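In: Need coordinates for the following:
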Amino acid sequence: MDTKQKVFEICSAAKKASYEYAARSTKEKNHILSSIANALKENSKEILEANARDIALADANGVPAHMLDRLALNGGRIDGICDALRSLVSLRDPVGCGEVFSTPGGLWIECQRAPLGVVAIIYEARPNVTVDAAALCLKTGNAVVLRGGREAANTNLVLINVMKKCISECGQNPDILGFIEPGEGHESANALMSARGLVDVLIPRGSKRLIDAVVNNASVPVIETGAGNCHLYVDASANIDMALNIAVNAKCSRPAVCNAIETLLVHKDVAKDFLPKFAEATAGYSLELRGCEQTLRIVPEAKKASESDFETEFDDYILAVKLVSSVEEAVAHINKYNTGHSEAIVTNDEQNAEYFRKYVDAAAVYVNASTRFTDGGEFGFGAEIGISTQKLHARGPMGLTALTTQKYLIRGNGQVR
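Out: Purely as a prediction, here's the structure:
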């Protein structure tokens, strides 16, 4: 059996199972999630052993340390995954909620939220995505087909087996959770992209290269997620201590995640005060600054920035820096180079804050806070399927409601048109 046929069989089984699973009650779905949380904790030793094999292989293949961090699990991170599952149980199930209205002709129409059907996800490295994505889909009555990256192959296989066993033990069809092993190579990703009629929506999570490949080549509907060329603008009126804390956190806490900043914009009136302090504060991270000509005169150890640096999501301890003369110039720069993810301003000027909020085109716009908060868990969604950087049908961190669609239920009394 060739790869495309294997993928289509997994998707077909998920599609068939999805019709029955869509009708399951909130209680039944929550029972699955609670069972998975307990089982992951019980099987944490096996999960961590598999993860250690993945880490060792990735390290031997020269994967950078900051990327190894995305791949790594430990007891605390497993506890975090389990806590996220339990928080999903406590959240309201959006399926079935809606409004009821009538027409002049006497029809009663109920607009309900309904599952999307089969959600396929292509993603890289982070094994927590395997559980988060599956759990969000299961909570909302969707079937899910996962295609993880080669880097986390051993970890993902253990996680999938634990979850499928729980689904079966809860009396549900395990085909609602499909898994495509990364050994199938690029052919499996290409097959998912072409599975029209079997996959209702495809969500890529990972590098810009992966996301662009899916967006440009898929014939199934795609929700574009994750690419994060994010900015922080330090305004002339900013509290310098606050700006330093936010800037260091937004870049250095986890530089390989999509809500980390890649460009720092600084008003020229505070640059001489702010930039040397920022360089000193980030010295311990060995942060490489790539600045404009004005930046180089203030921080001589910085490298000269190229045009492409302002377009790049580094996912590393590298930061582009540019001085600007106004909030309007900062916003123009952001709207030219950003990916529609997360943008922030540090300011004590309410007019500048409002201008930034109004004119920056992004899913999440912050005033005096770090971009690192763009996350489903931080927003109170329990977890997220991804952070959408497009405008249809969801934008920003995608929680439960984003995995549903509308369904109209009409009741009549013999009406004809």
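In: Ranking helices and strands of the chain by mean pLDDT, which lands last?
Out: Lowest on mean pLDDT, DSSP states H and E among the helices and strands of the chain sits helix 65-71, with a mean of 83.
In: For that one, enumerate the helices and strands it packs against.
Out: When contacts are defined as 3 or more CB pairs under 8 Å, 6 or more residues apart in numbering; DSSP states H and E, helix 65-71 packs onto helix 44-60. Where you see a C-beta, it was placed from the backbone N, CA and C, and this is true even at glycine.
In: The helix it packs on: which residues count as buried?
Out: Buried positions in helix 44-60, judged by neighbour count with 16 or more other CB atoms under 10 Å: 44, 47, 48, 50, 51, 54, 55, 58.
In: pLDDT (mean, whole number) over the helix or strand that contains residue 336?
Out: Assessed by DSSP states H and E, residue 336 sits inside helix 327-337. Averaged across helix 327-337, pLDDT comes to 98.
In: Look at residue 319 and give its secondary structure.
Out: For residue 319, the assignment made with DSSP: H, G, I helix; E, B strand; the rest coil gives strand.
In: In the top helix by length along the chain, which residues are buried?
Out: If you go by DSSP state H, the chain has its longest helix at helix 3-21. Residues 3-4, 6-8, 10-18, 21 are the ones in helix 3-21 that count as buried (16+ other CB under 10 Å).
In: follow-up on the earlier one: can I get the buried residues of helix 44-60 in TSV including distance to residue 31 and pLDDT?
Out: Putting those into TSV (distance: CB to CB, whole Å; pLDDT from 0 to 100) gives the following:
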residue	distance to residue 31	pLDDT
44	21	97
47	22	98
48	26	98
50	26	97
51	27	97
54	30	95
55	33	95
58	35	92
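In: Looking at these, which is nearest residue 288?
Out: Minimum distance to residue 288 across those is 23.0 Å, recorded for residue 58 (CB to CB).
In: Contact partners for that closest one?
Out: Shown in contact with residue 58 (CB atoms under 8 Å, 6 or more residues apart in numbering): 67, 68, 71, 151.
In: For burial, what's the neighbour tally of the spatially closest residue to it that is not a sequence neighbour?
Out: Closest residue to residue 58 apart from its sequence neighbours, by CB to CB, 6 or more residues apart in numbering: residue 151 at 5.2 Å. Neighbourhood size, residue 151 [other CB atoms under 10 Å]: 23.
In: Show me the beta-bridge partners of the closest residue to residue 223 other than its chain neighbours.
Out: In space, and not counting its chain neighbours, residue 223 is closest to residue 203: 5.0 Å by CB to CB, 6+ apart. Following DSSP bridges, residue 203 is listed with bridge partners residue 121.
In: Spell out the secondary structure type for the nearest residue to residue 67 once chain neighbours are set aside.
Out: Nearest residue to residue 67, sequence neighbours excluded (CB to CB, 6+ apart): residue 256, at 5.9 Å. Secondary structure for residue 256, judged by three-state DSSP, is coil.
In: For the helix or strand following the helix holding residue 336, the averaged confidence score.
Out: Helices and strands here follow DSSP H and E; after helix 327-337, the next one along the chain is strand 342-346. The average pLDDT within strand 342-346 is 98.
In: ditto for stretch 135-150
Out: pLDDT averaged over stretch 135-150 gives 96.
In: how far is that stretch from where the chain is centred?
Out: Put simply, stretch 135-150 sits 14 Å off its chain's centre (CA atoms, centre = their mean, to the nearest Å).
In: quick one: terminal-to-terminal distance for it?
Out: Stretch 135-150 has its terminal residues 21 Å apart, counting by CA to CA, to the nearest Å.
In: for the residue nearest to residue 223, what are its contacts?
Out: Contacts for residue 203 were tallied using CB under 8 Å, 6+ apart; they are 119, 120, 121, 122, 133, 222, 223, 225, 385, 386.
In: Any idea how many residues pack against the third one?
Out: By that I understand residue 121. Neighbours of residue 121 using other CB under 10 Å come to 26.
In: roughly how far apart are it and residue 343?
Out: Distance, residue 121 to residue 343, by CB to CB, to the nearest Å: 26 Å.
In: just the fourth one next, same as before
Out: Shown here: residue 122 relative to residue 343, a distance of 27 Å by CB to CB.
In: Which one's more surrounded, the two?
Out: Using other CB under 10 Å as the criterion, residue 122 and residue 343 rank with residue 343 on top: 29 against 25.
In: tell me the SS of residue 81?
Out: Residue 81 ends up helix, using three-state DSSP.
In: before we move on, what about residue 295?
Out: Here residue 295 is recorded as helix under three-state DSSP.
In: check contacts around the residue nearest to residue 67.
Out: Residues in contact with residue 256 (CB under 8 Å, 6+ apart) are 66, 67, 69, 70, 315, 316.
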